[in-house]
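> what's the 3D shape of this:
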Amino acid sequence: MEILFFRFVIGYVVLFLIYPRLMRITSLREEMLFIGAGLCGVTLYFLIENIALVYTLASNVGVIVSIAPFFTAVLAHFFLDGERLHKRFIVGFALALIGIILIGFNGSFILQLNPLGDLLAFVAPAVWAIYSVIMRKIGELPYHTIGATRKVFFYGLLFMLPALFLFEFHFDLGRFANMANLSNLLFLGLGASALCFVT
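Just a heads-up that it's a prediction; the model follows:
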């Protein structure tokens, strides 16, 4: 939880330094898009994925969340214009799901599945798909990409605040005096958060 919070704070600060202008949103509907994107793409996706890692193997989570593009394509078909599903996609999606199930069985029937963790790992990419579709809609609006991403981070951090009290959270900045900790967090904040979400 701590890493998640600090990485997006760093990302938000960096995006603010790059693009410090305030955005004026013209309607409640548009504001709701930013709120939904922050909730799904910043808070829920990462929280669900991190909780899944507590209950199942990291290899299971890594494989399962890789189906996010498939979920995104399905949602885009229903909620975005011009996004059609073809037979080849459906067959490929079915094969990918079968492959994920086989990997979950670990090539044997010893059943090292952890149903709660694996289920959460399936929920995470579905939430990411919602975020992706919302961001496509935001991308069609006349807002600067960096400013829009910063606004999404703002709402993500806002929704993350209650979770800080639910999970064990320590605001100890002293650990970032360790160069390895600092460089890893800067990579997450600058690269995996600010840069990746903008692009």
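
> Go through this protein and flag its longest helix.
helix 115-139 (DSSP state H).

> So for that one, what gets flagged as buried?
117-118, 120-135, 138 (16 or more other Cβ atoms under 10 Å). From N, CA and C alone the C-beta is placed, and that goes for glycine too.

> Point out where this protein drops to low pLDDT.
Across the chain, the ranges flagged by pLDDT under 70 are 103-113.

> quick one: the helices in it?
Under DSSP H, the chain gives helices at 2-18, 28-37, 45-55, 58-65, 68-79, 87-104, 115-139, 145-166, 179-186, 196-198.

> With just CA atoms, put the fifth one into CSV.
In other words, helix 68-79. What follows is helix 68-79, C-alpha atoms only, in CSV (Å, rounded to 0.1, in the frame of the first residue of the first chain):
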residue,chain,number,x,y,z
ALA,A,68,-6.4,-7.2,-19.7
PRO,A,69,-6.2,-6.4,-23.5
PHE,A,70,-8.9,-9.1,-24.1
PHE,A,71,-11.2,-7.6,-21.5
THR,A,72,-10.6,-4.2,-22.9
ALA,A,73,-11.5,-5.3,-26.4
VAL,A,74,-14.8,-6.8,-25.2
LEU,A,75,-15.7,-3.7,-23.3
ALA,A,76,-14.7,-1.5,-26.2
HIS,A,77,-17.0,-3.5,-28.5
PHE,A,78,-20.0,-2.6,-26.3
PHE,A,79,-19.1,1.0,-25.3
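
> oh, and call the first residue 619 from now on, that's how I've got it
Yep, numbering from 619; the last one is helix 686-697 now.

> buried set for that helix?
Ala686, Phe688, Phe689, Thr690, Ala691, Val692, Leu693, Ala694.

> Distance check, the second one against Phe707.
By that I understand Phe688. Separation of Phe688 from Phe707 (Cβ to Cβ, to the nearest Å) stands at 8 Å.

> can you count the residues close to Met797?
Residues within reach of Met797, counting by other Cβ atoms under 10 Å, total 8.

> ok, now the one 10 residues further on?
The criterion is other Cβ under 10 Å. On that basis, Gly807 has 21 neighbouring residues.

> which residues sit in contact with it?
Phe624, Arg625, Phe626, Val627, Ile628, Gly629, Val632 (Cβ atoms under 8 Å, 6 or more residues apart in numbering).

> ok, now which ones touch the fourth one?
By Cβ under 8 Å, 6+ apart, the contact set of Val627 is Leu775, Gly807.
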